[in-house]
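Chemist: Just need the structure, nothing else, for what follows:
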Amino acid sequence: FHKYVMLDKIQDDVQSRKNYEEMLKRGHNPMYVLTTFDTDYDYLKYAIEKNPEVCVSCGVKSNYSMRRYQMVDKISNGKAIIHSLAFFKFPLIYQLPILSSDAATWVNGPGRFGSMYAYQGNGCIQTITGHNKIMKAFKDRNKYLLQ
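Modeler: Coordinates of the predicted model:
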């Protein structure tokens with residue numbers, strides 16, 4: 001594996017930090033996960049000094065999310081290399097200091113709603129509908145991903 005994150009515990013920032021410290025103690029250097037409501041920014045600075053790559057979790061499509069990514073960038077003096085957990089709101093994602101992102105909706109959405117969006121480049125998005133077409137899109141990802 002090239003990158004990996006700490007083992008965070010949902011809604012338990014104290015245990016998440018204990019897990020992070022244990023990983024460091026064992027010689028690992030995981031990406032720190034700033035969980036959704038974690039506000040210990042001094043600890044975040046400490047973690048970014050160990051590894052500037054950090055995962056920020058804060059939900060999707062909200063003003064809170066937007067401010068949180070900007071705040072992490074500001075707190076780190078631009079040193080944080082931010083990976084977004086569960087945020088992909090086009091075109092807002094291009095206006096934030098995020099290097100990469102993932103979103104469970106890419107997998108869950110098509111199953112629930114029968115369609116998914118695929119970025120085609122130049123600001124164009126294609127809607128893919130139907131189970132067979134969606135599965136083909138997942139198998140033939142290179143056609144739908146930026147090169």
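
Chemist: my guess is Arg17 contacts Tyr43, does it?
Modeler: Yes. Using C-beta atoms under 8 Å, Arg17 makes contact with Tyr43 at a distance of 6.4 Å. Placement of C-beta: from N, CA and C, glycine included.

Chemist: Looking at the two now, which is surrounded by more residues?
Modeler: Arg17 (20 against 15; other C-beta atoms under 10 Å).

Chemist: what is the mean pLDDT for the host helix or strand of the more buried one?
Modeler: Taking DSSP states H and E as the definition, Arg17 sits inside helix 13-25. Across helix 13-25, the average pLDDT comes to 94.

Chemist: any idea which helix or strand comes after that helix?
Modeler: By DSSP H and E, the next helix or strand past helix 13-25 is strand 32-34.

Chemist: Show me what that next one is in contact with.
Modeler: By C-beta atoms under 8 Å, 6 or more residues apart in numbering, the surrounding residues in contact with strand 32-34 are 5-6, 8, 16, 20, 44, 47-48, 50-51, 54-57, 72, 85.

Chemist: Adjacent strands (with direction) for it?
Modeler: strand 53-57 (parallel) (DSSP bridges).
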